[in-house]
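1. got a predicted structure plus its sequence, pasted below:
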Amino acid sequence: MGNIALTDVIPQDSLERQLYFIEKCKAYVADLQEKLGRPLTCCTQTFGCQMNARDSEKLLGILTEIGYVPVETEEADLVLYNTCTVRENANLRVYGRLGHLNGLKKKNPHMIIALCGCMMQETQVVEKIKQSYRFVDIMFGTFNIFKLAELLYSRWTQEDQIIDIWDSTKEVVEELPTMRKYPFKSGVNIMYGCNNFCSYCIVPYVRGREKSREPKEIIMEIERLVKDGVKEVMLLGQNVNSYGKNLSVPVTFAELLQEVEKIDGLERIRFMTPHPKDLSDDLIDVMSKSKKICNHVHLPVQSGSSRLLKLMNRNYTKEHYLELVDKIRSKMPDVSLTTDIIVGFPGETEEDFEETLDVVRKAKYDSAYTFIYSKRTGTPAAAMENQVPEDVVKNRFNRLLETVNEVSRSISNRYEGTVQQVLVEDVDDHDASYVTGRMTNNILVHFPGSKDLIGTLVNVRLTECRGFYYMGEQENA
Ligand code: 5AD
Ligand code: SF4
């Protein structure tokens with residue numbers, strides 16, 4: 001166990017190199033397991049968005065390949081936090097939980113604590129952990145998650161904390177094992193990074209510049225997933241509308257969708273996230289004609305005030321956004337629309353806020369993710385004057401929630417009585433004789449059924465709307 005033998009030649013090719021380290025780790029884990037007389041366990045915790053969730057599947061894929069057994073509890077031999085830094089709360093939660101992990105590590109000398117993801121791309125965070133959290137074994141960022149096995153092996157062969165943070169995408173290794181949370185649906189990265197620099201947002205600084213994957217690679221990955229039982233994919237990018245612009249042979253997102261649509265055996269296509277500034281007519285057209293693209297658009301508005309939208313560097317106005325919503329609804333009358341909204345951006349006045357409420361009422365969202373503005377060091381908005389007082393923000397936030405709920409209640413029962421196709425995901429949490437699934441518009445449905453239905457598409461009559469979800473009965477069961 002231990003050092004790399006001198007006779008070993010570490011492969012130069014990125015993929016070969018990682019496969020080599022996976023083998024090394026496998027041997028190490030097998031050896032340690034034998035010594036301890038028990039399996040080694042791992043626990044991954046994901047903070048933040050769908051990108052991180054997909055990254056965690058890749059990380060867990062490597063860990064299980066090495067021989068770790070995934071568990072839910074943090075009393076494990078390896079705990080990995082895939083962190084988020086989009087709002088300060090997410091950072092505070094990580095610091096809060098690290099103390100607890102230290103306690104667990106004192107009881108288990110073999111325990112490895114690893115941190116990765118967006119927080120690690122911030123220099124001051126890494127410095128703080130280096131200084132005050134010496135018990136953290138490994139830190140890596142968003143650009144090199146594929147190196148997990150190599151980093152782990154380095155930790156086992158040297159005493160020091162391992163820190164490997166890149167500041168841009170030098171290379172991406174996509175072909176490593178992944179472990180999907182659901183066998184029947186999967187995220188698929190179509191691009192990495194973001195070039196928009198919305199003035200409040202830290203993402204462009206921690207995820208780097210936009211980089212699209214070649215359509216061929218994406219299609220091949222989805223074909224492999226479908227062969228492996230996947231029925232639904234979620235195409236992931238920070239701004240999918242700018243997909244393909246910088247490829248050597250440029251491709252639009254609408255064109256990519258048409259190619260994905262052709263994949264036999266794939267039933268449903270979702271995507272996240274489009275930016276209102278460049279959502280094209282072509283995309284709306286492709287969506288409205290598609291049999292596979294889901295009837296749901298998540299279209300972050302952030303604010304209803306054109307003045308604030310300008311300060312946010314969003315590149316659209318309230319009027320443009322509402323026109324876009326009308327255009328989408330005119331081609332897809334049944335569409336479900338959701339959004340992200342920030343309250344308390346610097347300088348937000350009561351009038352600005354009322355404009356946001358007005359958009360919520362006019363756009364008639366099915367639901368909205370609402371956020372209190374969080375000052376992120378290094379972003380232009382952090383240096384803006386007129387930060388809004390906390391009590392004012394809280395008051396507006398509550399009023400926003402009320403309006404969002406009012407609007408969604410007023411439209412939520414519009415599918416009652418209809419028959420909808422549902423992809424069954426799980427046994428119902430509350431009653432094991434029921435299952436839970438999602439309609440194409442992403443709304444949840446519960447209906448009587450057994451676990452054999454999981455991963456299948458079922459026609460369900462929606463008998464009752466209960467706020468944010470429906471109860472139903474299987475048709476022709
Ligand atoms: N403060 C609050 N919310 C933010 N978001 C991004 N940055 C911030 C911030 N600094 C929200 C936006 C984005 C979502 C993913 O997170 O609404 O769409
Ligand atoms: Fe952040 Fe704007 Fe990029 Fe979204 S589009 S990740 S909000 S900078």
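-> Cool, got the structure. Ligands and ions are numbered 1, 2, ... in the order given.
2. burial count for the spatially closest residue to V173 that is not a sequence neighbour?
-> Closest residue in space to V173, ignoring its immediate chain neighbours: F146 at 4.0 Å, by C-beta to C-beta, 6 or more residues apart in numbering. C-beta here means a position set from N, CA and C on the backbone, and glycine is covered the same way. Residues near F146, counting by other C-beta atoms under 10 Å, number 22.
3. P250 too?
-> 11.
4. what segments of the stretch 101-250 of the chain are strands?
-> Here the stretch 101-250 of the chain has its strands, by DSSP state E, counting those that start in this stretch, at 112-117, 138-140, 162-164, 185-189, 191-192, 211-212, 232-236.
5. chain center to the fifth one: distance?
-> Same thing as strand 191-192. Distance of strand 191-192 from its chain centroid, counting by C-alpha atoms, centre = their mean, to the nearest Å, is 12 Å.
6. what does that strand contact?
-> Residues outside strand 191-192 that contact it (C-beta atoms under 8 Å, 6 or more residues apart in numbering): 169, 172, 207-208, 210-213, 237-238, 240, 242-243.
7. close to ligand 2, is it?
-> No. Judged by C-beta under 6 Å from any ligand atom, strand 191-192 makes no contact with ligand 2; its nearest approach is 11.3 Å.
8. average pLDDT for that strand?
-> On average, the pLDDT along strand 191-192 is 94.
9. would you mind listing what in the chain touches ligand 1?
-> Counting by C-beta under 6 Å from any ligand atom, the chain comes close to ligand 1 at V86, R87, Y200, C201, P300, Q302, D340, I342, F371, Y373, S374, R376.
10. skipping its backbone neighbours, what lies nearest the fourth one in space?
-> Excluding the flanking residues, the one nearest C201 by C-beta to C-beta, 6+ apart is T379, at 6.4 Å.
11. look up phi and psi at that neighbour.
-> Dihedral angles of T379 (phi, psi; degrees, to the nearest 10) stand at phi -90, psi 150.
12. so what's it up against?
-> Per C-beta under 8 Å, 6+ apart, neighbours of T379: S199, Y200, C201, I202, Y205.
13. near ligand 2, which of the residues you listed show up?
-> C201.
14. who wins on neighbours among the contacts of T379?
-> Y200 (26 neighbours).
15. skipping adjacent residues, who's closest to E57 in space?
-> In space, E57 is closest to T178, 4.9 Å off (C-beta to C-beta, 6+ apart).
16. wait, T356 sits on S305?
-> Yes. Between T356 and S305 there is a contact under C-beta atoms under 8 Å: 6.5 Å.
17. what sits against K451?
-> Going by C-beta under 8 Å, 6+ apart, K451 touches V427, V435.
18. which members of the residues of the chain next to ligand 1 are the farthest-apart pair?
-> P300 and R376 (16.6 Å; C-beta to C-beta).
19. follow-up on the earlier one: now the contacts of T379 as a markdown table including pLDDT?
-> Output for these, formatted as a markdown table (pLDDT from 0 to 100):
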| residue | pLDDT |
| --- | --- |
| S199 | 98 |
| Y200 | 98 |
| C201 | 97 |
| I202 | 96 |
| Y205 | 94 |
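20. from the contacts of T379, which land in helices?
-> In this view, those that belong to helices under DSSP state H are Y205.
21. just the contacts of T379 now: which is nearest N459?
-> The closest of the contacts of T379 to N459 turns out to be C201 (C-beta to C-beta; 40.9 Å).
22. shouldn't the closest one be in contact with V86?
-> Yes. If you go by C-beta under 8 Å, C201 and V86 touch, sitting 7.3 Å apart.
23. shared neighbours, these two?
-> When C-beta under 8 Å, 6+ apart defines a contact, the residues bordering C201 and V86 alike are R376.
24. quick revisit: quick check: phi and psi at the residue nearest to E57.
-> Backbone torsions of T178, given as degrees, to the nearest 10, read phi -130, psi 160.
25. what sits against it?
-> Each residue near T178 by C-beta under 8 Å, 6+ apart is listed here: E57, K58, L60, G61.
26. closest to ligand 1 out of the residues you listed?
-> E57 (19.5 Å; C-beta to the nearest ligand atom).
27. so which strand or helix has the closest one?
-> Using DSSP states H and E, E57 maps to helix 50-66.
28. ok, D366 - contacts?
-> Applying C-beta under 8 Å, 6+ apart, the residues near D366 are S336, L337, T338, S408, I411, S412, N441, I443.
29. now list the buried members of the residues you listed.
-> S336, L337, T338, S408, S412, N441, I443 (16 or more other C-beta atoms under 10 Å).
30. in helices, which of these fall?
-> Among the buried ones among the contacts of D366, the members found in helices (DSSP H) are S408, S412.
31. contacts for stretch 403-421?
-> 341, 357, 360-361, 364-368, 370, 439-441, 443, 445, 457-465, 467-468, 470, 472, 475.
32. what about 7 Å?
-> Contacts with stretch 403-421, where a contact means C-beta atoms under 7 Å, 6 or more residues apart in numbering, come from 357, 360-361, 364-368, 370, 439-440, 457, 459-462, 464-465, 467-468, 470, 475.
33. same question for stretch 308-326.
-> Stretch 308-326 has contacts (C-beta under 7 Å, 6+ apart) with 197-200, 276-277, 279, 301-306, 337, 345, 347-348, 352, 355, 359, 362-363.
34. look up how far H446 lies from D429.
-> 9 Å (C-beta to C-beta, to the nearest Å).
35. which one of the two has more residues nearby?
-> Neighbour count, other C-beta under 10 Å: between D429 and H446, H446 has more, with 21 against 9.
36. state the pLDDT value of that one.
-> 98.
37. and L462, that's in a strand?
-> Yes. Assigned with DSSP: H, G, I helix; E, B strand; the rest coil, L462 falls within a strand.
38. surely it and E473 touch.
-> No. L462 is beyond contact range of E473, at 8.7 Å (criterion: C-beta atoms under 7 Å).
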